[in-house]
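Asker: take a look and give me a structure for this.
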Amino acid sequence: MRKTTLLTTAALLLGSAARTLAQTTDPNDGNENTPFVRNIRPDRPGQTITTSMLNPGQFQLDMGVSNQPDAFSPGSAANRALTTGLLRVGFFNNIELRASQSYLPAVATLAAGETGAAAAPSGLTPLTLGAKFLASTNPNARSQVVVLAEMTLRNGDKSFQTKAYEPAARLLVSQQLGERFGLEANFGFRQRGFKAADTKLGTYLGTLALNGPLGNSFGFFAETYATWQQQSKLAPGVTSGLYWRPWPGLRLDVTAGRTFSGALSGSTVGGGLSIRLPR
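Answerer: Purely as a prediction, here's the structure:
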């Protein structure tokens, strides 16, 4: 009887110790309270889209101005600042809905007697609708995998004459480093139209970004990226910037970068803000 009691007591102690060890060694335990998860993470200012997803009922507005118009066709836009707004809405079942549109100002009108190329498109660009889907099992895990699906419509200003439906998809991956640093990567593809021939002309995009703090409210962002097609070479580029976050749901940033190939290669600059409600 005494032996049975000792064995039972030992089993209970071992079970309790194992349960406590499992709870304390889970790397995701309490991770929802770390600054990397709690603080706002916009899908800007570079080419990289984060794995950050809003909770149901949350809204986030990412706004910015840049001379780098298109994530799948990066390059300096030669004094044409593109203003972009992205609205994100947290939905149920680990889904985030989103809509984005940009405004491209008109170029200066040629004076009488001057000649030049045809007028460049300007005004509101076609609207892009999309959704993020969590592929990981835990929305607050240190390692995240998210799928982004988007569709660019055929609306916008009439000066954009070569409009077409443009389906796109990205695989978003992130790894939290410590409590405040993060490494994120994207791999995406976009094409114009739905035919098999359109796929051969589609554009691939790959990015790798690191972001982290420089203090309690300030931080940095740095990325490298490249686009390519089946019949063209890589078009690489880099972007870096600083941000200020006065409170967890508000962030302001400035960026600078450079593209190294293509017709629009050159320097890029930008700035913007993001706000999340409720924070």
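
Asker: partners of residue 91 in the sheet?
Answerer: residue 95 (DSSP bridges).

Asker: in the chain, which residue is closest to the centre?
Answerer: With distances taken as CA atoms, centre = their mean, residue 49 lies nearest the centre of the chain, 1.2 Å away.

Asker: quick one, phi psi at the closest residue in space to that one that isn't next to it in sequence?
Answerer: Once flanking residues are discounted, residue 49 sits nearest to residue 43: 4.6 Å by CB to CB, 6 or more residues apart in numbering. The way it works is simple: take the backbone N, C-alpha and C, and place the C-beta from them, glycine included. Phi and psi for residue 43, reported as degrees, to the nearest 10, are phi -90, psi 40.

Asker: just checking, residue 43 touches residue 62?
Answerer: Yes. With contacts counted by CB atoms under 8 Å, residue 43 reaches residue 62, the gap being 5.8 Å.

Asker: overlap in contacts of the two?
Answerer: Any residue near both residue 43 and residue 62 by CB atoms under 8 Å, 6 or more residues apart in numbering counts here, and that gives 86, 88.

Asker: run a quick neighbour tally on the residue nearest to residue 49.
Answerer: 20 (other CB atoms under 10 Å).

Asker: what of the one 3 residues further on?
Answerer: When neighbours are counted by other CB under 10 Å, residue 46 registers 31.

Asker: helix or strand right after the helix or strand harbouring residue 189?
Answerer: Using DSSP states H and E, residue 189 falls within strand 181-190. Helices and strands here follow DSSP H and E; after strand 181-190, the next one along the chain is helix 196-200.

Asker: tell me the buried residues in stretch 189-198?
Answerer: 190-192 (16 or more other CB atoms under 10 Å).

Asker: quote the end-to-end distance of that stretch.
Answerer: Length of stretch 189-198, first residue to last, CA to CA, to the nearest Å: 12 Å.

Asker: assign residue 37 to helix, strand or coil.
Answerer: Judged by DSSP: H, G, I helix; E, B strand; the rest coil, the three-state class of residue 37 is helix.

Asker: hang on, it packs against residue 31?
Answerer: Yes. Judged on CB under 8 Å, residue 37 makes contact with residue 31 at a distance of 6.0 Å.

Asker: what do these two both touch?
Answerer: Residues touching both residue 37 and residue 31 (CB under 8 Å, 6+ apart) are 140, 176.

Asker: ok so, going back, buried stuff in the strand holding residue 189?
Answerer: For strand 181-190, by 16+ other CB under 10 Å, it's 182, 184-186, 188, 190.

Asker: where does pLDDT dip in the stretch 101-250 of the chain?
Answerer: Low-confidence segments of the stretch 101-250 of the chain, defined by pLDDT under 70: 108-119.

Asker: would you map the strands across it?
Answerer: Assigned by DSSP state E, counting those that start in this stretch, the strands in the stretch 101-250 of the chain fall at 123-124, 128-134, 143-152, 166-177, 181-190, 203-213, 218-228, 235-247, 250-259.

Asker: circling back to that earlier point, pLDDT score for the residue nearest to the centre of the chain?
Answerer: pLDDT, residue 49: 97.

Asker: how about the nearest residue to residue 212, chain neighbours excluded?
Answerer: Per CB to CB, 6+ apart, closest to residue 212 is residue 181, 3.8 Å.

Asker: tell me how far the one you found lies from residue 169.
Answerer: 27 Å (CB to CB, to the nearest Å).

Asker: over to residue 221?
Answerer: In terms of CB to CB, residue 221 sits 24 Å off from residue 169.

Asker: also residue 179?
Answerer: Counting by CB to CB - residue 179 and residue 169 are separated by 31 Å.

Asker: if we can go back for a sec, and the residue nearest to residue 212, what are its bridge partners?
Answerer: On the basis of DSSP bridges, residue 181 is bridged to residue 177.

Asker: what sits against it?
Answerer: 36, 210-213.

Asker: likewise for residue 196?
Answerer: Contacts for residue 196 (CB under 8 Å, 6+ apart) come out as none.

Asker: nearest spatial neighbour of residue 219, chain-adjacent residues omitted?
Answerer: Nearest residue to residue 219, sequence neighbours excluded (CB to CB, 6+ apart): residue 213, at 4.7 Å.
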